[in-house]
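**Student:** Provided below are the primary sequence and the corresponding predicted coordinates.
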Amino acid sequence: MNTVKTILHLAALAAALLASCVCKGKDSSFECVGQVAQISEWRPRKISILKPQEDGRHYDLSSFWDEDPDSHPRVKNGDIVRIRAERAKPRKQMTPDMPDKLVNIIKEIEVTGRGDFPPGEPTTAVDAVSGRRLLEFVRVKGTVSAVAYDESDPTWIHFTLRTPSGNAHAAVPKTEHTLDDLLALTDAEVEVRALVVAQVRWTRFTGSFLLPIGYDSIRTVKPAPAVAPDFADDPHDVIAFSRREANGDYVHKVRMTGLLLTETKSHVFMAIPNGMIVKMALQTKTARPEFGTMVSASGYVSYDFGGLMLHDAVLEPAPDAPKMPLPEVEKTTIWRAYVPSRNISSFTRRMISFTGRLANDPDLTYSTGMLWLQGEGGVTDIDTYAYKFDKRKNKLGLVMRITGVCDPVLETDSEKASAPQFKGITIALLPGDGIHIEKPLSIWSAMNLAVVTIALLFIIALISAACVIQKILYDKRGRLLFAERVAHVRAQTKTEERTRLATELHDAVSQTLTGVALQVDSANIVNRGENPALTKCLATARQLLASCRRELRDCLWDLRSRTFDEKDMTEAVSRAIAPHAGSVKTAVRFNVPRSILSESKVHCILSIVRELVVNAIKHGKATNIWIAGECSEGHISFSVRDNGCGFDVASAPGPSDGHFGLKGIGERIRAAKGTLEVESSPGKGTKATIKLPEAD
C-alpha cells in the first residue's frame with residue numbers, strides 16, 4: 001500500500017514539474033525560472049535548477065545542459081536565473097554522463113537575483129529516507145561513514161550518515177565536495193542540509209537518499225575522535241555499549257582486538273577474547289593483514305540475527321596484543337547445522353567441522369569459489385574465497401572434512417518476509433586447514449577403470465591411425481622420388497641432345513658463316529671503294545653476318561648451358577646475361593614461377609632480355625642495368641632499364657642502317673603475341689617494357 005502511495009506521489013510531482021515550465025511557440029522551447037542548486041563544470045555544463053511547488057514545502061529539481069557555456073553568463077549556486085531551453089537530443093556525446101535522449105538544452109540564461117536555500121526541517125535519518133519526505137528540504141544529524149566513489153558514475157561520491165535511529169544514504173557531485181574532504185569527515189558528527197530525492201531502478205521506487213545542496217550543506221558539529229574507544233568484552237553489553245556511545249543523535253566507531261580467522265568475498269571474520277566471532281564489512285580499499293595474526297579493528301558495531309557485526313571496518317596489525325588460540329571447533333553434521341534454533345542455526349558464528357563428499361565439478365569450484373559438500377542431511381555451500389583450492393588434488397566424489405566459520409543465509413526481501421528468515425548456512429573455510437582429505441579416491445574404482453580402458457583404446461586407435469598415415473606418406477614420397485628421377489633423366493637427355501646439336505651447328509653453320517664473312521671482306525678489299533653502292537651493300541652484308549654469328553653464338557651457349565633447367569627465373573636470367581655483362585653492374589629480380597613457363601617461353605624471355613642487355617651495353621654505353629619481372633592476371637610483364645646515353649625512339653636507326661637489334665626483338669615479341677614499349681630520350685637512359693601472355 002505504501003508503495004502505491006509513493007508511486008502516485010511521484011506521478012503528481014512529475015506532473016507539477018511539467019506544469020512549472022511554460023512552453024512557448026510551436027516548437028519544443030520553453031522558459032523556466034528557478035534557483036541554481038548544482039553545477040557540473042564539464043563539457044557540456046550541467047545545471048540543476050531548484051523550483052518551489054505551490055505548497056511551498058516541496059521542490060522540483062530539473063537538469064539543464066549547456067552545450068555552449070562560453071557564450072552564456074557564468075552562474076553560481078544560489079543564483080536566481082531565467083532559462084530559455086528546448087527539449088532536444090544533444091548534438092554529440094561529449095561526456096560519459098551526457099544522455100542520448102531528449103534533454104533540456106539551454107538556449108539563453110539570465111541571472112535575475114540571488115537567494116538562500118531553504119534551511120530544512122530537522123528530522124531523523126529513518127524519516128528522511130522512508131519516502132514520506134520526498135522533494136522536501138530536511139536537516140539530519142549523524143556520523144559520516146562509508147565514503148566512496150559511485151561504481152557506475154565516478155563523478156558522484158556516496159557516503160552513509162549513521163544515527164541511532166538508522167542510517168541514511170547521501171550522494172554529492174565531486175565538483176562540490178572532494179573525496180579527500182569527505183574521508184576527513186569520517187566518524188565526525190555533522191549536520192546535513194539536503195533535498196530528499198527518490199531512487200528509482202527499472203521504473204521501480206527503491207528508496208530515497210539525501211542530496212546535499214550548496215557548499216555549506218555539510219556542517220561539522222564535532223570532529224572525529226582521535227582514537228576509537230575499546231569495545232566491552234562482555235557480549236551481552238553490546239546493545240548497552242552501543243547506546244552508551246550514542247551521544248545524542250550520534251553513533252561512533254568502536255575498537256576491538258582479536259584473531260583474524262578467514263574471509264568471504266564481502267566479509268571478514270575475527271575471533272575476540274570473549275569467545276565471539278565477529279563478522280566485519282571492511283571499508284572500501286582497506287588493506288587486510290595476514291590470517292592467523294592479531295589485529296585491531298575499528299568500525300560501527302551492531303547486533304543482528306547472526307550475531308555481532310562491525311561495519312565500515314578498518315583493520316590494522318596488533319603485534320603487541322596477547323596471542324589468542326583458535327576458537328574451539330565443534331564437530332557436527334550438515335543436518336544438525338541446518339536445524340534452526342530460535343529461527344536461526346544454533347551454530348551461527350561458530351567454528352564447526354563436518355564430513356561430506358565433493359558434489360560439484362572442481363573446475364566449477366575453482367572458477368566460482370563455491371564448493372558443494374554432500375553429507376548427512378543434504379548439500380551445503382562452502383565458501384573457498386580464503387582457501388587456495390587446488391582442483392588437481394580435489395576430485396569429484398572425494399570424501400573430505402571441512403573446517404570453517406558457520407554463517408547464516410537469511411531471506412531479507414521485504415516482499416517475502418517482514419523479518420529476516422533463516423534459509424540455510426554457508427561455511428567460510430579456514431585459509432590453511434580448511435579441507436582435510438578423509439578418504440582418498442580408490443585408484444581402481446569403476447570410474448577410473450573405465451577411464452583407463454577408454455584411454456588404452458584411444459592410444460591403440462592413435463597408433464593404428466599413425467601407421468596408416470605413415471604408409472600413405474611413404475607411398476606419396478616414393479611416387480615423388482620416382483617422378484623426380486624421371487624428370488632428372490629427361491633433363492639429362494635434353495642436355496645431351498642440346499650439346500650434340502651445338503656441336504653440329506658449330507662445326508657446320510658457324511664455319512660456313514666465318515667463310516662467308518671472309519669472302520665479303522675480300523670483296524670489299526678488291527672494290528677499294530671504287531663503287532660506293534657496292535661498298536654499302538658489302539657493309540650491310542658484313543653487319544648481317546656479324547648479327548647472324550652473334551645469334552648463332554648465343555644459341556650455341558644456350559644449348560650448352562643449363563640455363564633452361566634452372567628452377568628460379570632470377571638465376572636463369574642472371575646466367576643468360578652473364579657472358580655479355582662484363583664489368584657492368586646488373587640487378588635482377590624476376591618474380592615469375594618457372595613451373596608455369598614452357599621451354600619455348602623461357603627461351604623467348606631469355607633471348608629478349610639478352611638482346612636488350614647487349615644493346616644497352618654496346619650502343620647505350622650503360623654502366624648499370626636493372627631487370628625486373630612479375631606475373632599477374634595471366635600475363636608476364638618484364639622490363640630492362642639502363643642508365644645509358646639513350647636515343648630518340650622516333651628516329652632510331654633500323655635495318656637499313658645496319659641495326660637489327662630492336663627489329664629482331666619486335667619480331668620475336670609479335671611471334672609470341674606480346675607487346676613492346678620503349679621509353680628513352682638522349683642522355684636519360686632507356687627502359688623497355690615487354691608484356692607476354694602466360695600461355696603459349
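**Tutor:** Received, thanks.
**Student:** now the helices for the chain?
**Tutor:** For the chain, helices defined by DSSP state H occupy the ranges 2-19, 125-128, 179-184, 238-245, 334-338, 362-368, 446-505, 511-527, 532-560, 569-581, 599-618, 661-671.
**Student:** which stretch in those helices has the least confidence?
**Tutor:** Here the lowest mean pLDDT among these goes to helix 2-19, at a mean of 47.
**Student:** so how many other residues sit close to the closest residue to residue 52 other than its chain neighbours?
**Tutor:** If the residues on either side of it in the chain are set aside, residue 52 comes closest to residue 59, at 5.5 Å by Cβ to Cβ, 6 or more residues apart in numbering. The C-beta positions use only the backbone N, C-alpha and C, and glycine is treated the same way. Number of residues near residue 59 (other Cβ atoms under 10 Å) recorded here: 21.
**Student:** residues contacting residue 59?
**Tutor:** Going by Cβ atoms under 8 Å, 6 or more residues apart in numbering, residue 59 touches 50-53, 118, 135-137, 195.
**Student:** what do you get for residue 404?
**Tutor:** By Cβ under 8 Å, 6+ apart, the residues touching residue 404 are 262, 351-352, 382-383, 427-430, 434.
**Student:** who's the closest residue to residue 569 other than its chain neighbours bridged to?
**Tutor:** Computed as Cβ to Cβ, 6+ apart, the closest residue to residue 569 that is not its neighbour in sequence is residue 590, at 4.3 Å. On the basis of DSSP bridges, residue 590 is bridged to residue 629.
**Student:** Show me this structure divided up by domain.
**Tutor:** 2-114, 121-222, 235-317, 330-439, 443-560, 566-693 (automatic domain parsing).
**Student:** Kindly reformat those domains as JSON lines and extend each row with distance to residue 324.
**Tutor:** Listed next are these as JSON lines, based on distance: least, Cβ to Cβ, whole Å:
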{"stretch": "domain 2-114", "distance to residue 324": "47"}
{"stretch": "domain 121-222", "distance to residue 324": "27"}
{"stretch": "domain 235-317", "distance to residue 324": "4"}
{"stretch": "domain 330-439", "distance to residue 324": "13"}
{"stretch": "domain 443-560", "distance to residue 324": "42"}
{"stretch": "domain 566-693", "distance to residue 324": "81"}
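**Student:** what about the ones you listed, which gets the closest to residue 323?
**Tutor:** domain 235-317 (6.4 Å; Cβ to Cβ).
**Student:** By mean pLDDT, flag the weakest helix or strand of the protein.
**Tutor:** The weakest-scoring helix or strand in the chain, judged by mean pLDDT, DSSP states H and E, is strand 22-23 (a mean of 38).
**Student:** Sketch out the strands for the stretch 151-300 of the chain, chain order is fine.
**Tutor:** Assigned by DSSP state E, counting those that start in this stretch, the strands in the stretch 151-300 of the chain fall at 156-163, 166-173, 189-201, 204-212, 218-222, 254-263, 268-271, 277-282, 294-303.
**Student:** so of these, which one's packed in deepest?
**Tutor:** Comparing these by mean neighbour count (mean count of other Cβ atoms under 10 Å), strand 268-271 ranks first with a mean of 24.
**Student:** Quick check: neighbours of it in the sheet, parallel or antiparallel?
**Tutor:** Taking DSSP bridges as the criterion, strand 268-271 forms sheet pairs with strand 254-263 (antiparallel), strand 277-282 (antiparallel).
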